[in-house]
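Undergrad: take this sequence and fold it.
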Amino acid sequence: MSALASKTAASRATERLRRNDQFADIGNVAQHDRASSNDEQHIPGAGSAVRAAGLNPELAGRWLTWQCKMIADVITGCVCDPNGKFLSVVPEQSEGLQALENAVSTAISESREIVATEISFGDSNGQLADIVVTPVKSGGKTIAYVALLMTARPQSRQNVVLQLLQWGGFWLESLSHLSDGVQIEAGSFTQDLFAAVLQHSHSSKSCLEIVNRMAERLDCERVTIGIRKGLVVRTECISYLATFDPRTQLVRKLEAAMEESLDQNRRVVLPALYGDPGTIDQANRELTSQDANIAVATFPLTGQSSNFGAIVFERDARRPFDSDTARWCESVLSAIAPVVELKLIDERPLRSKAVEACKDTLQKTFGPEQLKLKMAGLAFAMLIAIGSVFNGNYRVSAPASIEGSVSQVIAAPVAGFIKTAQIRAGDRVSKGQLMATLDDRSLQLELNKWQGEANKVKKAYQEALAKKARTELSILRARSDQIDAELALVEQRISRTELRAPRAGYVTSGDLSQSMGAPVEVGDVLFEVAPLQDYRVIIEVDERSMAGVQKHNTGQVVIKAMPGKPVDITVDQIVPMAISGDGNTYFRVEGVFDKTASDLRPGMEGIARINVGERKLLWIWTHKVADRIRLWLWARGW
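TA: Next up, the predicted model:
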């Protein structure tokens, strides 16, 4: 038993020595970098080029390589300075650089993020890809722009890539404050930790992964993460512990230490670091009161907009936290904290999400951004309010046409051929005016025939009278009467070949001038004549607007030829039968003019508006759309 315990103790000591060696790498690398920096100070201009350029190109290249490994299907990536000059390109020989350069130029000129889809690149622009560009800021100032050319993907995945680049921007800002060697070490560790955290679906498991790995890497006795819940911080997880009692005194002290760091929005390190500004560290000192042999470092966890939690590191006081280790921790946490925040946001209950959405909506609605849109929304709301309170005159609009109250038809009285045509449609005629004539040559021949017969009978009658043949005289008198009747009939038919206007008015139809010599049959309609002043208006009201249209409703009609002169009308008759035509169904509504205008003519068309009554303005504006929606819902059984 004692041998097993000795073996276990030996393995623990070996593991502790291995972790100490790993942790010592950070300090050794930092010391080496500081020595190199001191050597550069003896060379005129050494290191100043990097500072003048803003972001170290080597750091930009390493960071871009890590980002491309975390994002799938990246074709080309680049980091540019605020002027658009390339600092790093991954891979070095790649396609699409011109497309990336154009997108970065747009982002710089408009000072915003760019998400472009289906961008052409490659030989003859034969390939399509998506581009995402976002600025990297430090201290409120843009220090670089990062752009990725990647295979096409849905918008939701584009937003995820943009989110990853924004998180990476926080990380790059932290890395820029580290020495080169520590940058490489921190970047490698962060990349592995990032991949491990993303594998977990729940935030508690992600936090436990973070504390365990950080405790192992920094050789800490305990690492604790707390999450802000309202005004207090509650412990989320403790390294190497699957469960813990939140009511214990130790947990309370840890939460107080985290609240102390969050309230000041800065790190608290004990023993204090040289050069750190004065901080309030009472709660952190109470945490070390139980064991004076531990060093404590508490860092706030910063999300996209604010701090959402804190992390406490505790380890042997013989290895206190130095400045390089503190910056290393801040660099790693700046990359990991936004991921944890996003998981916490996704795990909120539905009620909290709804409340947050309402807050965001209210903030966007009443905040200072998008003033034009908000003014338009306010005007729209005022319009709705006015429409809901005030009434207006509801009018039904429909196409209208003018026709005579009566129409006189002139038909062909006899069969024949058109000889002359003096009048055509649109002409004004007086009563008895000659309008057209039919060819009467056949009738004239027939007239001559009967006149010859009459002369023949007359001669025979004179001879019979001389002979005093009474019987023959009786027969010839009957024959003479028959011939006179035929002559009268033929003369009447000849007179009817002249077509004359039955009344004064306007010819509404009929143009025989293009049909000279054409045959006509008895009863063929040749002309229609409407009275001069006795008109009516025919309104074709859509079936969906018939509700409320009644006899004696007043209204107005505007003729297309006289758009500036509306004429008052009154509904006289509604034909109770729907008529279908041109894809619409309408009712024929007849109206009379209150006062006939002298320049109205039959056949004129326009738009009529019938006064139905007063309605709410909002109903007048929206009832057609509302009726269509109701009908659509009814058709689908809702």
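
Undergrad: use CA for all of it now, contacts and neighbours both
TA: OK.

Undergrad: let me know the pLDDT of the residue nearest to residue 168 when sequence neighbours are not counted.
TA: Leaving aside its chain neighbours, residue 168 sits nearest to residue 335 (6.2 Å; criterion: CA to CA, 6 or more residues apart in numbering). For residue 335, the pLDDT comes out at 80.

Undergrad: now the one helix or strand residue 335 maps to - C-alpha only, PDB.
TA: In the assignment (DSSP states H and E), residue 335 maps to helix 323-346. Once non-C-alpha atoms are left out, helix 323-346 reads as follows in PDB (Å, rounded to 0.1, in the frame of the first residue of the first chain):
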ATOM      1  CA  SER A 323       3.400  41.000 -16.300                       C
ATOM      2  CA  ASP A 324       4.100  38.600 -19.100                       C
ATOM      3  CA  THR A 325       1.900  35.900 -17.700                       C
ATOM      4  CA  ALA A 326      -0.900  38.400 -17.000                       C
ATOM      5  CA  ARG A 327      -0.700  39.700 -20.600                       C
ATOM      6  CA  TRP A 328      -0.700  36.100 -21.800                       C
ATOM      7  CA  CYS A 329      -3.800  35.400 -19.800                       C
ATOM      8  CA  GLU A 330      -5.600  38.500 -21.100                       C
ATOM      9  CA  SER A 331      -4.700  37.500 -24.700                       C
ATOM     10  CA  VAL A 332      -6.100  34.000 -24.300                       C
ATOM     11  CA  LEU A 333      -9.200  35.300 -22.500                       C
ATOM     12  CA  SER A 334      -9.900  38.000 -25.100                       C
ATOM     13  CA  ALA A 335     -10.300  35.300 -27.700                       C
ATOM     14  CA  ILE A 336     -12.300  32.700 -25.600                       C
ATOM     15  CA  ALA A 337     -14.600  35.000 -23.700                       C
ATOM     16  CA  PRO A 338     -16.800  36.000 -26.600                       C
ATOM     17  CA  VAL A 339     -17.400  32.300 -27.400                       C
ATOM     18  CA  VAL A 340     -18.600  31.700 -23.800                       C
ATOM     19  CA  GLU A 341     -20.800  34.800 -24.000                       C
ATOM     20  CA  LEU A 342     -22.400  33.500 -27.200                       C
ATOM     21  CA  LYS A 343     -23.200  30.200 -25.600                       C
ATOM     22  CA  LEU A 344     -24.700  31.900 -22.500                       C
ATOM     23  CA  ILE A 345     -26.900  34.000 -24.700                       C
ATOM     24  CA  ASP A 346     -28.100  31.000 -26.600                       C
END
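
Undergrad: what inclination does the following helix or strand past it have with respect to helix 323-346?
TA: Counting by DSSP H and E, the next helix or strand C-terminal to helix 323-346 is helix 350-366. Calculated by axes from the mean of the first three to the mean of the last three CA atoms, to 10 degrees, helix 350-366 forms an angle of 100 degrees with helix 323-346.

Undergrad: list the buried residues in whatever helix or strand comes next after helix 350-366.
TA: Next in sequence after helix 350-366, counting helices and strands by DSSP H and E, comes helix 371-389. By neighbour count with 16 or more other CA atoms under 10 Å, helix 371-389 contains the buried residues 374, 387.

Undergrad: from the chain's centroid, how far away is helix 371-389?
TA: With CA atoms, centre = their mean, to the nearest Å as the basis, helix 371-389 stands 19 Å off its chain's centre.

Undergrad: having no further points to raise, I will conclude here.
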